[in-house]
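Asker: Provided below for reference: sequence and predicted model.
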Amino acid sequence: MGIYICILLSLICLSILIYSTFKSDYKFRLIAKIFTSLCFLLVSLFSYLSNPINPKYFFLIFIGLIFSFIGDVLLGINTKNHNIKTNLFLSGGFAFSITHIFYSICFITLVGIHIRDFIYAIFISFILLSTLICNKKLTINKYHLPGIIYCLIISFMLCKAISLITVNSLNLIAKSLVIIGAIIFYHYFFLIKTVQNLLVD
């Protein structure tokens, strides 16, 4: 019962977050974002308590979600001070990098790790960055190194998430949700957040 209440609260908070974003109410948006992220943590916790079959998987995902929560808070703080805004963004990006490292470790416990994972991650990052640069949608500035590192980390996570398709111990719905979630996060956070706030002059 608890998990269904948390899911309902998540949807309500998410709706409020979307509305406050649309209205450009940044103070209220930060509050909604905090509660939405907290709901995600509660959904994860109650999901495990209702079916505690893989404590290692839960622990790694839950720790990742905690750092994701920290990243959400840091990125949700609105300020007109450019230096503070830049530092908040870099700190938020660092928090999300840790998140995806934990996610990647979690996926590795299920499918292992191979040299091709690194090759695919580098290839995806190279193609993406090259395409943006060639289309003049991206100008590398002094913050290019953390942006590239983040791109590699999240690309590796995406590759490991997609590789879960080969895991027979996970049902199709679970695998599909993880893969779709990884793709959506990759598209939104990197293409929108990183390019607009970190890599573009």
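Answerer: Received the coordinates, thanks.
Asker: Tell me where this protein has helices.
Answerer: 2-22, 26-50, 55-76, 82-111, 115-134, 144-162, 172-185 (DSSP state H).
Asker: any idea which of these is most buried?
Answerer: Compared across these, helix 144-162 shows the largest average neighbour count, a mean of 20 (mean count of other Cβ atoms under 10 Å). No exception for glycine: its C-beta is placed from N, CA and C like everyone else's.
Asker: just checking, what packs against that one?
Answerer: Applying 3 or more Cβ pairs under 8 Å, 6 or more residues apart in numbering; DSSP states H and E, one finds that helix 144-162 makes contact with helix 82-111, helix 115-134, helix 172-185.
Asker: Any idea which of the ones you listed has the lowest pLDDT on average?
Answerer: Of all the helices and strands packed on helix 144-162, the minimum mean pLDDT falls on helix 115-134 (a mean of 82).
Asker: orientation of that one relative to helix 82-111 in degrees?
Answerer: Helix 115-134 runs at 150 degrees relative to helix 82-111, counting by axes from the mean of the first three to the mean of the last three Cα atoms, to 10 degrees.
Asker: List every C-alpha atom in helix 115-134, with coordinates, as PDB.
Answerer: This file holds the C-alpha atoms of helix 115-134, laid out as PDB (Å, rounded to 0.1, in the frame of the first residue of the first chain):
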ATOM      1  CA  ILE A 115      36.200  -3.500 -23.000                       C
ATOM      2  CA  ARG A 116      33.500  -2.900 -25.600                       C
ATOM      3  CA  ASP A 117      31.500  -1.000 -23.000                       C
ATOM      4  CA  PHE A 118      34.200   1.600 -22.800                       C
ATOM      5  CA  ILE A 119      34.600   1.600 -26.600                       C
ATOM      6  CA  TYR A 120      30.800   2.200 -27.100                       C
ATOM      7  CA  ALA A 121      30.800   4.900 -24.500                       C
ATOM      8  CA  ILE A 122      33.700   6.800 -26.100                       C
ATOM      9  CA  PHE A 123      32.100   6.300 -29.600                       C
ATOM     10  CA  ILE A 124      28.700   7.600 -28.500                       C
ATOM     11  CA  SER A 125      30.300  10.600 -26.700                       C
ATOM     12  CA  PHE A 126      32.500  11.400 -29.800                       C
ATOM     13  CA  ILE A 127      29.700  11.200 -32.300                       C
ATOM     14  CA  LEU A 128      27.400  13.300 -30.100                       C
ATOM     15  CA  LEU A 129      30.000  16.000 -29.400                       C
ATOM     16  CA  SER A 130      31.300  16.100 -33.000                       C
ATOM     17  CA  THR A 131      27.700  16.400 -34.300                       C
ATOM     18  CA  LEU A 132      26.900  19.300 -32.000                       C
ATOM     19  CA  ILE A 133      30.200  21.100 -32.800                       C
ATOM     20  CA  CYS A 134      29.800  20.600 -36.600                       C
END
